[in-house]
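1. no sequence on this one, just coordinates:
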C-alpha cells in the first residue's frame, strides 16, 4: 500500500493548523484574520475530501458538486462574522 499521499495530506493538515493558530495569535479578532482562518479551513476540508475520501477519482460532475457545500460553508462563516462583528 502506498502511504505517500495520506502522509502528505496529513503533513499539510498539520502545517495549516499551525498556520491557523499563528494567524489567530498574531491578531485575534481582526476581520482579515477571521477571513484567512475561514479560507484555510475551507481549503483543508476540500483537500481532505479530495484525497482522503478519493473524490478525485470520481467523474468531474461529482467533483464539481463538492464545491456547492464549500460555498455554503463560506457563506455561513461570512454571515457569522458580519453578525457578530464588533
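-> Everything's here; your move. Given the structure is predicted, the values throughout are model-derived calculations rather than measurements.
2. What are the contacting residues of stretch 20-28?
-> With contacts defined as Cβ atoms under 8 Å, 6 or more residues apart in numbering, stretch 20-28 is touched by 33, 36, 37, 40, 41. C-betas here are computed from N, CA, C, even on glycine.
3. Next secondary structure element downstream of the biggest helix by length in the chain?
-> Ranked by residue count, the top helix of the chain under DSSP state H comes out as helix 4-26. Of the helices and strands lying after helix 4-26 in sequence (DSSP states H and E), the nearest is helix 31-47.
4. just to revisit the earlier point, how about CSV for the contacts of stretch 20-28, with distance to residue 6, neighbour count and pLDDT added?
-> Output for those, formatted as CSV (distance: Cβ to Cβ, whole Å; neighbours: other Cβ atoms under 10 Å; pLDDT from 0 to 100):
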residue, distance to residue 6, neighbour count, pLDDT
33, 30, 16, 82
36, 26, 17, 82
37, 24, 16, 82
40, 20, 15, 86
41, 20, 16, 83
